[in-house]
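> What would the 3D arrangement of this be:
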Amino acid sequence: MANTRNQTDPDAASMQREIQQGQDQSDQRGKQETRASQIGDRQGPVQTTQHDYPGTPLPAQHLAKPGLEAAMQLKPEFLAPDYCGSGKLAGMVAIVTGGDSGIGRAVAVLYAREGADLAIIYLNEHEDANDTKRYVEAEGQSCMLLPGDVRDAAFCRGAVEQVHQRFGRLDVLVNNAAFQEHAEKLTDLTEERFDLTMKTNVYGYFHMAKAVLPYLKRGAAIINTGSVTGLKGSKHLLDYSTTKGAIHAFTMSLASNLLEHGIRVNAIAPGPVWTPLNPADAPADQVAQFGADTDMQRPAQPQELSPAYVFLAAPCCSSYISGIVLPVTGSAGE
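Here you go, the predicted structure:
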C-alpha cells in the first residue's frame, strides 16, 4: 500500500515539540512577570464599582470574642448608600440572628429599607446591637432586640413568640449567628470545642427554623448563611467548615421539605467578609492579609453581600428559587 501521508507536512511529533517549546517559553515569561508584580508592580485590589473598597494590608487587629464591630479600627461598610429600596419587603417582619454586626447588620438595614420590621437576635454584644437598632429605625422601621444563645432551643422558641406577639406576623428568618475559631491541627479540637461550634452553627439554625415554622405562611422565606469553606473546606477551620457544609445540606433538604407549603429555603455562601468574626479569630498578622488570596485580592464588605439576602427574601425577586447555595466569594467561577 502506498504511503499517503503528505511528505511536505511536518512530522506530528515535531509539531508537538514546537508547540511545547513555545508554551514553555511563554510560561517562563509569565513567571517572571508574576514575580515582578509581586515585588512591586501590583495595582491593588480589584474594584468593580466606582467605589474603592479597602484591600490589604488591613489593620492588624485581634479582637476578644465574640467581637465588637464598634471596636474595629477599620469599620465595615454596611449602609449600601447606592442601594435604593422599592418596597420589596413592605409590611413584612424578619428575624436576623447574629444581626448586631457584620453581615447581619447589613442585611437588617437593607430589609428595613425595603419596608420590613426587624427582630435582631444576638449573644451579648449590646453596643453593636443598639447601633443596629438605630440604623434600622433611621430607615423608618421598627426593631426589637433579643439577646440570647441560639444553642438553647427554649430561648429560640421564646424569642420567636415575642416577635410574633409584637408584630403579629413573621415572614423571613435569616440564620446568621456563628462561632469560628481556627485550629492548626485536628488534635487541637477538643470535643467541647467541636460541640460549641456545631451547636451554635448547626443546632442554632435548626432550633430557629423549627421555632418559626408554626408562624410562616405561603410566601415566607428562610435564608441560611453558609460559607465558601463549606464548599471547599478550610485547612485551619476544620469544625467551622464542617458546620457550613452541614448548613448547605440542611438548606437543600429543608427546601424540599417545606416547598409544598410555599415556603422557600436558600443559603448564601460568602467568601471572606470584613466583619468582627475574623479579627476575633485569626492572629493580627493574618488579619492584615485577610481576603488577599481571592481573585478580587480583598475581602468583601458587608454591603456587597446584603442585596443577595434581599433577593432571596423577596417573593417578587425569587419566587421560583428554593434549595440553592449562592456563592458570593470574590473569586471567578466560585
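> use CA for all of it now, contacts and neighbours both
Noted.
> now the helices for the stretch 201-334 of the chain?
204-212, 228-232, 238-258, 284-287, 306-313, 315-318 (DSSP state H, counting those that start in this stretch).
> Would you format those as CSV with distance to residue 122 included?
Listed next are the helices of the stretch 201-334 of the chain as CSV, based on distance: least, Cα to Cα, whole Å:
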stretch, distance to residue 122
helix 204-212, 12
helix 228-232, 23
helix 238-258, 19
helix 284-287, 24
helix 306-313, 18
helix 315-318, 26
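> would you turn the ones you listed into a markdown table with mean pLDDT, distance to residue 296 and mean neighbour count?
Formatted as a markdown table, those follow (pLDDT from 0 to 100; distance: least, Cα to Cα, whole Å; neighbours: other Cα atoms under 10 Å):
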| stretch | mean pLDDT | distance to residue 296 | mean neighbour count |
| --- | --- | --- | --- |
| helix 204-212 | 98 | 30 | 22 |
| helix 228-232 | 88 | 15 | 18 |
| helix 238-258 | 96 | 22 | 21 |
| helix 284-287 | 78 | 16 | 18 |
| helix 306-313 | 98 | 18 | 21 |
| helix 315-318 | 98 | 27 | 14 |
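> Tell me which of those sits nearest to residue 135.
helix 306-313 (14.6 Å; Cα to Cα).
> Alpha carbons only: can I get the closest one in CSV?
C-alpha atoms of helix 306-313 as CSV (Å, rounded to 0.1, in the frame of the first residue of the first chain):
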residue,chain,number,x,y,z
SER,A,306,-26.7,42.2,51.8
PRO,A,307,-28.5,42.7,48.4
ALA,A,308,-28.3,38.9,47.8
TYR,A,309,-30.2,38.4,51.0
VAL,A,310,-32.9,40.8,49.8
PHE,A,311,-33.1,39.0,46.5
LEU,A,312,-33.7,35.6,48.2
ALA,A,313,-36.2,37.0,50.7
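> That one - contacts with which helices or strands?
Packing partners of helix 306-313 (3 or more Cα pairs under 8 Å, 6 or more residues apart in numbering; DSSP states H and E): helix 102-113, strand 221-225, strand 264-270, helix 315-318.
> hmm, 10 Å instead?
Here helix 306-313 touches helix 102-113, strand 172-175, strand 221-225, strand 264-270, helix 315-318, strand 325-328, going by 3 or more Cα pairs under 10 Å, 6 or more residues apart in numbering; DSSP states H and E.
> need the helices for the stretch 1-150 of the chain, in chain order.
12-36, 102-113, 126-138.
> List the contacts of the residue nearest to residue 263 when sequence neighbours are not counted.
Using Cα to Cα, 6 or more residues apart in numbering and skipping the chain neighbours, the partner closest in space to residue 263 is residue 220 (5.1 Å). Applying Cα atoms under 10 Å, 6 or more residues apart in numbering, we find residue 220 in contact with 92-94, 170-173, 213, 261-265, 313-315, 319.
> hmm, try it at 8 Å
170, 171, 172, 262, 263, 264, 313 (Cα atoms under 8 Å, 6 or more residues apart in numbering).
> can you pull the contacts of the last one?
Just to be clear, that refers to residue 313. Shown in contact with residue 313 (Cα under 8 Å, 6+ apart): 89, 172, 220, 221, 222, 223.
> Which pLDDT value goes with the first one?
According to the per-residue confidence, residue 89 scores 98 in pLDDT.
> so it makes contact with residue 111?
Yes. In this structure, residue 89 is within contact of residue 111 by Cα atoms under 8 Å, at 6.8 Å.
> so where's this protein shaky on pLDDT?
1-10, 12-13, 31-42, 282 (pLDDT under 70).
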